[in-house]
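> predicted structure and sequence below. I'll ask about it afterward.
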Amino acid sequence: MILVTGGAGFIGANFILDWIAAVGEPVVNLDKLTYAGNLENLAALEGDARHIFVRDDICARATVDALLAQHRPRAIVHFAAESHVDRSIHGPGEFMRTNVEGTFTLLEAARAYWGGLAGAERENFRFLHVSTDEVYGSLGPKDPPFAETNPYEPNSPYSASKAASDHLVRAWHHTYGLPVVTTNCSNNYGPFQFPEKLIPLVMANALAGKPLPIYGDGMNVRDWLYVGDHCAAIRTVLAGGRVGETYNVGGWNEMPNLTIVKTICALLDEMKPDAGGRYERLVTFVADRPGHDRRYAIDARKIERELGWRPAETFETGIRKTVRWYLEHQDWVAHVQSGAYREWVRKNYGDRE
Ligand code: NAD
Ligand code: DAU
């Protein structure tokens, strides 16, 4: 079996559903259920003995030790994190605690557990750390995409905390020999993404007839990857990635934010026309995110060359599936738009002119 952290969040939940379907091996899912964690994402596994859910904090060393001793996993796949850049600007403390101290706690627990293994169990154990392309900083318009050899230049409290966690993972391998692998991925989209992130936020606001807030000039570029492709990449790296290596994961799909928003509007016009007019009328330029990185792009040739992974979805196929999923799961969207969500919207968008 494997131990997954943060498996009730967006990518973690997609990963567990994909893992159970594709591999079928049991999963222990350690998740604190912050505002971003939602067991509804895993409703399809209710009553399935292959998914064991444990609600606790990755900083709780005693819990992590007990889970490792009891379940003896062959791998830890570490997703748990505070993940939203805007929240890290409003309140960086929780990012340092979960992303840095939490990763440190897991590494120490994994080191103690792995130190007690022998033979094939010790040989095959892996700690897979899921990280982000944001650790590399921001690209100019003509720069080549991020390779694994790019220097770390994080610019937000979120990316700085993820960069710190990547450095800890690297050091635990270099110093203690812990068998780690790190993946640095670009922007994901797909089912179960919390509507604080651009794509689900735009869909939720459009359907509610609310403004679609575009930070700055809308020309910041991200490299979009369908979440199912990310899950397949993680499975591939876990199976064959070289110990101590990092693998960049991306969609070969760079697009400015404005194009993303207009694409979603056009799909909504087609799938759920609004009597009030075309959804694009709701596009509203608002004050920029402080320190907003201009461009991210991933060079994903290493994972393709060494492990044969390439994304299966194009943006056109992935975004169509995603828009359809949100239209068919409006009850899920309504459930996550709690009082706490509305408070966040007030805090982040209330003061932007
Ligand atoms: P998310 O915010 O949707 O989910 C995070 C999950 O971690 C939630 O279920 C939350 O309850 C849990 N969690 C938070 N703090 C915890 C703690 N202290 N102890 C235990 N559980 C805790 O995040 P996501 O978008 O699914 O991202 C997952 C991982 O992938 C993160 O490490 C993120 O940095 C990385 N990543 C995300 C993207 C993206 O586009 N979303 C891209 C690249 C990398
Ligand atoms: O690159 C990988 C990263 O992608 C992950 O590590 C992060 O966890 C994930 O949140 C994501 O970070 P971004 O900041 O790129 O994602 P977000 O969806 O918040 O924003 C995408 C772009 O859209 C970014 O340029 C900011 C812009 N934006 C975002 C919001 C929420 C807007 O213009 N308006 C908005 O309301």
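Cool, the structure landed. Ligands and ions are numbered 1, 2, ... in the order given.
> C-alpha from now on. contacts and neighbour counts both.
Fine.
> now residue 265, nearest residue through space, not along the chain?
Nearest residue to residue 265, sequence neighbours excluded (CA to CA, 6 or more residues apart in numbering): residue 279, at 5.2 Å.
> residue 146 now?
That would be residue 298: by CA to CA, 6+ apart, it lies 4.9 Å from residue 146.
> so the one you found is in contact with residue 224, correct?
No. Residue 298 is beyond contact range of residue 224, at 9.7 Å (criterion: CA atoms under 8 Å).
> where do the strands sit along this protein?
Taking DSSP state E as the criterion, the chain carries its strands at 2-5, 27-31, 51-55, 75-78, 126-132, 180-185, 188-189, 212-215, 221-223, 225-226, 246-249, 254-256, 283-286.
> as a markdown table, these with mean pLDDT would be great.
Compiled in a markdown table, those are given as follows (pLDDT from 0 to 100):
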| stretch | mean pLDDT |
| --- | --- |
| strand 2-5 | 98 |
| strand 27-31 | 98 |
| strand 51-55 | 98 |
| strand 75-78 | 99 |
| strand 126-132 | 99 |
| strand 180-185 | 99 |
| strand 188-189 | 98 |
| strand 212-215 | 98 |
| strand 221-223 | 98 |
| strand 225-226 | 98 |
| strand 246-249 | 98 |
| strand 254-256 | 98 |
| strand 283-286 | 98 |
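> save the ones you listed as CSV, and put in mean neighbour count too.
Below are the strands of the chain laid out as CSV (neighbours: other CA atoms under 10 Å):
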stretch, mean neighbour count
strand 2-5, 23
strand 27-31, 24
strand 51-55, 16
strand 75-78, 23
strand 126-132, 24
strand 180-185, 25
strand 188-189, 22
strand 212-215, 21
strand 221-223, 23
strand 225-226, 26
strand 246-249, 27
strand 254-256, 18
strand 283-286, 17
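> could I get those strands as JSON lines with distance to ligand 2?
JSON lines is the format used below for the strands of the chain (distance: least, CA to the nearest ligand atom, whole Å):
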{"stretch": "strand 2-5", "distance to ligand 2": "15"}
{"stretch": "strand 27-31", "distance to ligand 2": "17"}
{"stretch": "strand 51-55", "distance to ligand 2": "21"}
{"stretch": "strand 75-78", "distance to ligand 2": "14"}
{"stretch": "strand 126-132", "distance to ligand 2": "4"}
{"stretch": "strand 180-185", "distance to ligand 2": "6"}
{"stretch": "strand 188-189", "distance to ligand 2": "7"}
{"stretch": "strand 212-215", "distance to ligand 2": "4"}
{"stretch": "strand 221-223", "distance to ligand 2": "6"}
{"stretch": "strand 225-226", "distance to ligand 2": "10"}
{"stretch": "strand 246-249", "distance to ligand 2": "10"}
{"stretch": "strand 254-256", "distance to ligand 2": "8"}
{"stretch": "strand 283-286", "distance to ligand 2": "8"}
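> pipe those into CSV and attach distance to residue 105 per row.
Below are the strands of the chain laid out as CSV (distance: least, CA to CA, whole Å):
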stretch, distance to residue 105
strand 2-5, 12
strand 27-31, 13
strand 51-55, 16
strand 75-78, 12
strand 126-132, 13
strand 180-185, 15
strand 188-189, 26
strand 212-215, 36
strand 221-223, 31
strand 225-226, 30
strand 246-249, 21
strand 254-256, 35
strand 283-286, 39
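> looking at those, which is nearest to residue 327?
strand 188-189 (14.9 Å; CA to CA).
> got a list of contacts for the closest one?
For strand 188-189, the surrounding residues in contact (CA atoms under 8 Å, 6 or more residues apart in numbering) are 199, 224, 225, 226, 227, 230, 319, 322.
> which of those residues are buried?
199, 224, 225, 226, 227, 230, 319, 322 (16 or more other CA atoms under 10 Å).
> now the third one: how far from residue 25?
Here the distance between residue 225 and residue 25 works out to 25 Å (CA to CA, to the nearest Å).
> ok, now which ones touch the most centrally placed residue in the chain?
By CA atoms, centre = their mean, the chain has its centre lying nearest to residue 11, at 5.0 Å. In this structure, residue 11 makes contact with 79, 193, 227, 231, judged by CA under 8 Å, 6+ apart.
> look up the pLDDT of the closest residue in space to the last one that isn't next to it in sequence for me, please.
Spatial nearest neighbour of residue 231, excluding adjacent residues (CA to CA, 6+ apart): residue 15 at 5.1 Å. Note on residue 15: pLDDT of 99.
> please apply the same query to residue 351.
pLDDT recorded at residue 351 is 83.
> where are the low-confidence patches of the stretch 101-250 of the chain?
Low-confidence segments of the stretch 101-250 of the chain, defined by pLDDT under 70: none present.
> for it, what lies in contact range of ligand 2?
Within the stretch 101-250 of the chain, the positions near ligand 2 by CA under 6 Å from any ligand atom are 132, 133, 134, 186, 187, 196, 197, 198, 213, 214, 215, 220.
> again, only this time at 8 Å
Remark: the part of the stretch 101-250 of the chain in contact with ligand 2 comprises 131-134, 158-159, 185-188, 196-199, 201-202, 212-216, 218, 220-223, using CA under 8 Å from any ligand atom.
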